[in-house]
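**Q** the amino acid sequence is not available; the structure is as follows:
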């Protein structure tokens, strides 16, 4: 019999990763995650940049701020973590039926290599891609049990995939420190005091010896050090159908009355589903007729919903279309398919306006899709905006607004926000442009054009130039007279 | 009674087998014969079989910083027919709608996304390509240094083939972000003057390589010119 293989999909510092994914610019700033906003709060997670400043988990917020005054302190949002975690479970259930949710940021899935996937690596890549689509760094470890799979996923760098072949678990764990064996701090310290610094050393001890010293934890540790797992893999089972029924002493004939009764029963079922955080995709309505026959009506929606109106409309139409042979003496309403409401779903039927209707919920940062819209403004960065496709009116082909600073705006890339640069002036002319890592001679320039505005549209006072550097590179730069700094606004690419 | 399959049935069977075995090759043949994207650049169109870029293929536009690759891309997008749509995955976040409008692009036909990483970009592309509403997919990978992982590239290629979409990749430097085997045509753009460019066909599986096409985009001037 083929032995079950388990893959652990792991996102390190899940709470912080969720915060970082919302805006790529956040990755450039040091940040830490805490349970609550307090100076003495311990750090739960540390971003890469903060770690480079030697910030450690054992520190408090005050200690970390003493080292980095501009440190961003993010308060953990367990509700958001739960929501995203449920969504990840749903997505993982689309590639394998066996999914178990572990601690935040770790999910165990049954590897289906050989059946649906070419090999374990192909399956691991698929799981990696599924969770990676949420914009978080993912590691995947595949092994014979949960414990080893988790270690394999944890110890390597983000975006890695590690396969531990069957029978090699003990060897794989052997060189690692025993801290990976899910030990309590006390046991960890005791093992260190005993001179046990690798898992192989722990595995060499008799099980009884460890059980006698450390109790149940010692027994579990001995098993884990040998490549086993005291806990078995328990995948989530899909929820069972829920149904509601009622008999009638006096048979019902009227479709309105039947619809009303069916919706009353459905309201009760939906209340249960709402409490479980689920929604309904399909409903079956059984009509038990007086002549002992049965009529079944299936109602299906395109997406999970708890809207009684939508089901009610469908049911009313179907009841009107059917001519019942006799009165209904019993009604059974069953919710046959349940799912969590997926806010990230896209609906793409073409609307009446001709623009594709794209439902992108504003709170879902995993699907940022926009339609650009040009508007008349003086400053280049204010001359357009990105609006959700649903909200953008369809307009005639738009003409570019008159921007006198740009001789030929076609092909320009706009830096958002403008990036600081250095321009070296000699003899009253700009000679060199130093921007990012480049230091280029300026061969020609056009300008300046003065753009200034008062308090009513944000104070700005800029001198714009188009400069050409060596190798025919053209930039749009400006001197901010209020700040006294040069900026690169864009480049003609 | 004649039980022999007709010649047409046998041909259809063989075609199906070939399509299953080499989907890309078959798609390119079909697209090249019937359905191509006319670039509007006469020199380039003349070079390509069918007179344009074949749908269902990957085209890479590469070049150095400020070399003119964005100008070429926008010039291509300006050739979209009415009702066709572009999904523009703007990884560097530098897409400038005013520049697109000036190049003649209809902004109503563009959907812009700012993915945080390649995974998210492919995820968005997959979702929107399955709708069948997207004609051109743009992966703006300028300033991007990470290589597109093979698994992601494979997934994306399946969608591009299935939807018969033209996938345009904008890369900087010498390319290499996308797998060599995936790209049907690689164009390198060089700027010779402010509004004059040269397009080199550095790699092609659909036409001859090594051609150099001079190109002057039809820029429209806006506002005053103090030159």
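**A** Received the coordinates, thanks. In this text, all values refer to a predicted model and were calculated from it rather than measured experimentally.
**Q** so what strands line up beside the host helix or strand of residue B:112?
**A** Using DSSP states H and E, residue B:112 sits within strand B:110-113. Note on strand B:110-113: by DSSP bridges, its sheet partners are strand A:369-374 (antiparallel), strand B:86-90 (parallel).
**Q** so in that sheet, which strands flank the strand or helix carrying residue B:187, and in what orientation?
**A** Following DSSP H and E, the helix or strand that holds residue B:187 is strand B:185-193. The strands beside strand B:185-193 in its sheet (DSSP bridges) come out as strand B:58-63 (parallel), strand B:196-204 (antiparallel).
**Q** which of the helices and strands in chain B ranks last by mean pLDDT?
**A** Ranked by mean pLDDT, DSSP states H and E, the helix or strand of chain B with the weakest confidence is helix B:23-34, at a mean of 43.
**Q** please list all residues in contact with residue B:194.
**A** By C-beta atoms under 8 Å, 6 or more residues apart in numbering or on different chains, residue B:194 lies in contact with A:408, A:468, A:472, A:474, A:492. Quick note: C-beta positions are derived from backbone N, CA and C, even for glycine.
**Q** and chain B, which of the residues you listed reach it?
**A** A:408, A:468, A:472, A:474, A:492 (C-beta under 8 Å from any C-beta of the partner chain).
**Q** okay, those residues in TSV with pLDDT next?
**A** Shown next, in TSV, are the ones next to chain B among the contacts of residue B:194 (pLDDT from 0 to 100):
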residue	pLDDT
A:408	58
A:468	87
A:472	77
A:474	86
A:492	86
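**Q** hey, what's the most centrally placed residue in chain B bridged with?
**A** Nearest residue to the geometric centre of chain B (C-alpha atoms, centre = their mean): residue B:168, 2.7 Å. Taking DSSP bridges, one obtains residue B:59, residue B:138 as the residues bridged to residue B:168.
**Q** do the same with the one 4 residues further on
**A** Taking DSSP bridges as the rule, residue B:172 bridges to residue B:63.
**Q** low-confidence ranges, the stretch 151-300 of chain A, go.
**A** The stretch 151-300 of chain A contains residues with pLDDT under 70 at A:237-241, A:275-277.
**Q** tell me where it has helices.
**A** A:169-174, A:185-193, A:199-203, A:207-225, A:255-275 (DSSP state H, counting those that start in this stretch).
**Q** any idea which of these is most buried?
**A** Mean neighbour count (mean count of other C-beta atoms under 10 Å in any protein chain shown) peaks for helix A:199-203 among those, with a mean of 20.
**Q** after the least confident helix or strand of chain B, next one along is what?
**A** Per DSSP H and E, helix B:23-34 leads on to strand B:36-37 as the next helix or strand towards the C-terminus.
**Q** helices or strands up against that following strand?
**A** strand B:53-54 (3 or more C-beta pairs under 8 Å, 6 or more residues apart in numbering or on different chains; DSSP states H and E).
**Q** what pairs with the strand it packs on, and is each one parallel or antiparallel?
**A** Note on strand B:53-54: by DSSP bridges, its sheet partners are strand B:36-37 (antiparallel).
**Q** isn't the residue nearest to the centre of chain B right up against residue B:62?
**A** No - the pair residue B:168 and residue B:62 does not pass the contact test of C-beta atoms under 8 Å, sitting 11.2 Å apart.
**Q** about what we covered before: PyMOL command for the buried members of the contacts of residue B:194?
**A** A single PyMOL command selects the buried members of the contacts of residue B:194 (16 or more other C-beta atoms under 10 Å in any protein chain shown):
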select buried, chain A and resi 408+468+472+474+492
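**Q** mind putting the ones next to chain B among the contacts of residue B:194 in TSV, secondary structure included?
**A** Converted to TSV, the ones next to chain B among the contacts of residue B:194 look like this (DSSP: H, G, I helix; E, B strand; the rest coil):
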residue	secondary structure
A:408	coil
A:468	strand
A:472	coil
A:474	strand
A:492	strand
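**Q** what about residue A:52, neighbour count?
**A** By other C-beta atoms under 10 Å in any protein chain shown, 11 other residues sit near residue A:52.
**Q** with residue A:136 instead?
**A** Neighbours around residue A:136, by other C-beta under 10 Å: 24.
**Q** wait, it sits on residue A:19?
**A** No - the criterion here is C-beta under 8 Å, and residue A:136 misses it with residue A:19 at 10.3 Å.
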